[in-house]
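> Below are the sequence and a predicted model for it; my questions follow.
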Amino acid sequence: MKLGVVMDPITGINIKKDSTFAMLLAAQKKGWELYYMEQKDLFIEDHQARANVCILTVQDNKSNWFGFHQKYTIPLAELDVVLMRKDPPFDIEYIYTTYILELAQKAGLLVVNDPRSLRDVNEKMFINHFPQCITPTLVSRNHQQLIDFVRQQGVAVLKPLEGMGGKSVFKVTSGDSNTNVIIETLTAGHTRFIMAQKFIPEISLGDKRILLIDGTPVDYALARIPMAGENRGNLAAGGTGKGVMLSERDRWICAQVGPTLRERGLLFVGLDVIGDYLTEINVTSPTCIRELETIYSIDIAGQLMETIETRVKSRQGRDQPR
C-alpha cells in the first residue's frame with residue numbers, strides 16, 4: 001500500500017495531539033509506504049493530477065518525529081490512498097486543492113475524505129440536514145433576525161461559519177449592550193452569513209468530540225471541558241480533555257448522521273455534541289485520536305487504516321478486467 005498525505009508542515013505539529021501523525025504511525029506499522037505533500041506540492045499537468053512528494057518515515061519521538069527521504073514527482077493515481085488532512089481555513093485555495101484531488105480520484109485514487117464532500121459538507125451548516133438532532137438554530141446575516149433569535153432564546157451562541165478551534169465564538173444574552181456590535185463584526189457589516197444557536201448549559205460538562213469511522217462511532221468520546229470563566233470547550237481555547245463513554249443519546253445521534261456520511265465518502269468524521277445536541281460535523285481534519293488512544297489504550301488510527309485497506313481492495317477489485 002502506498003499512502004499519501006496532504007497536511008500542514010509536519011515540522012510544526014504537536015505529536016502528542018496530532019491525529020494525522022497517529023494515522024501515519026498506524027500506516028507505517030502496517031508496512032505501508034508514506035508519501036508526504038503540502039498544498040503547494042499539488043498541481044495539474046496535461047489533464048493529470050500530480051504532486052511533488054517526499055518519502056516519509058515517522059517515529060513517536062518528540063525530539064525527532066519524522067524523516068524525509070527520496071523526492072519524486074508522480075501522478076497522484078500511482079498511490080493507493082491520499083489523506084486530505086490540511087487544516088482550515090476553508091478558503092478558495094482549499095477548494096482548488098479538492099479539485100486536484102477529485103481529478104486524481106477519477107483516475108482511481110481513494111481520497112479520505114472525499115473531495116466533493118469536503119466542499120459540500122460545511123462543518124457548521126451541515127447539521128441543518130439533521131433537525132431532529134440539533135438545538136434551535138439560525139443561519140442569517142440579517143441583523144434584525146439575529147437580534148430576534150437572541151431575544152427568543154434568552155441566551156445564544158453566535159459564530160462564523162468558517163472558523164475552527166472556538167475562534168470568534170460569542171455567548172450573548174438578550175438585552176446585552178454588546179450584541180449589536182458582535183453581530184456587526186461577525187457579519188462584516190451584514191455582508192456575511194453567521195450561525196446562531198440556542199446556548200446549551202451542559203457545555204459545563206464538556207463539548208464531546210465523537211469520532212466516526214465510515215459512519216460507525218468509536219465507543220469513547222473526548223469531552224472538552226471549558227476552563228474557568230470560559231464557554232468554549234475547544235482544546236485550542238484552553239479546554240481540558242476528559243474521556244467519556246458514549247451515551248445512548250450520543251449513539252442515537254451517530255445512527256442519524258452516520259449513514260449519510262458513509263454515502264458521501266466521509267470515512268473519518270468528528271461530531272461535536274453538547275448535552276443532547278449535535279452542534280458541528282467536522283470533516284476536514286478531525287482530531288482527538290491521540291488523546292483517546294492514550295486514555296483508553298485503543299487503536300483508533302489502526303482501525304481507520306483497516307477500513308481504508310478494505311475500501312482500496314474493494315475499489316481495485318471493481319477495476320479488474322472481467
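Structure received.
> where along the protein do the helices fall?
Remark: helices assigned in the chain by DSSP state H are 19-29, 92-106, 115-120, 143-153, 179-186, 248-263, 289-296, 300-319.
> Go through the ones you listed and pick out the most buried.
Scoring the helices of the chain by mean neighbour count under mean count of other CB atoms under 10 Å gives helix 19-29 as the most buried, with a mean of 23. C-beta: built from backbone N, CA, C; applies to glycine.
> Quickly list what residue 244 is bridged to.
residue 221 (DSSP bridges).
> How many residues are close by it?
16 (other CB atoms under 10 Å).
> that older thread, least reliable of the helices of the chain going by mean pLDDT?
Lowest mean pLDDT of these: helix 300-319, a mean of 90.
> Distance to residue 64 for the helices of the chain - can I get that in JSON lines?
Shown next, in JSON lines, are these (distance: least, CB to CB, whole Å):
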{"stretch": "helix 19-29", "distance to residue 64": "13"}
{"stretch": "helix 92-106", "distance to residue 64": "29"}
{"stretch": "helix 115-120", "distance to residue 64": "32"}
{"stretch": "helix 143-153", "distance to residue 64": "50"}
{"stretch": "helix 179-186", "distance to residue 64": "43"}
{"stretch": "helix 248-263", "distance to residue 64": "36"}
{"stretch": "helix 289-296", "distance to residue 64": "18"}
{"stretch": "helix 300-319", "distance to residue 64": "20"}
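> so which of those helices comes closest to residue 48?
helix 92-106 (7.5 Å; CB to CB).
> The closest one - contacts with which helices or strands?
With contacts taken as 3 or more CB pairs under 8 Å, 6 or more residues apart in numbering; DSSP states H and E, helix 92-106 sits against strand 42-45, strand 48-58, strand 81-85, strand 110-112, helix 115-120.
> List the buried residues in the first one.
It refers to strand 42-45. Within strand 42-45, the residues that count as buried by 16 or more other CB atoms under 10 Å are residue 42.
> again with stretch 76-96
Neighbour count says stretch 76-96 has 76-86, 90, 94 buried, by 16+ other CB under 10 Å.
> hang on, the earlier thing: out of the helices of the chain, nearest to residue 278?
With respect to residue 278, and counting by CB to CB, the nearest of the helices of the chain is helix 248-263 at 5.3 Å.
> Show me what that closest one is packed against.
strand 207-213, strand 216-217, strand 268-274, strand 277-282.
> that older thread, looking at the helices and strands packed on helix 92-106, which is nearest to residue 201?
helix 115-120 (32.3 Å).
> Show which residues not belonging to that closest one make contact with it.
Contact partners of helix 115-120, identified using CB atoms under 8 Å, 6 or more residues apart in numbering, comprise 84, 94-95, 98-99, 101-102, 105, 264-266, 283-284.
> what's the closest of those residues to residue 126?
The nearest one, if we look at these relative to residue 126 and count by CB to CB, is residue 283, at 8.0 Å.
> Just the pLDDT for that closest one.
97.
> cool, and residue 44?
Listed pLDDT for residue 44 reads 98.
> Now for the nearest residue to it once chain neighbours are set aside: which residues touch it?
Using CB to CB, 6 or more residues apart in numbering and skipping the chain neighbours, the partner closest in space to residue 44 is residue 100 (5.9 Å). Residues in contact with residue 100 (CB under 8 Å, 6+ apart) are 42-44, 49, 76.
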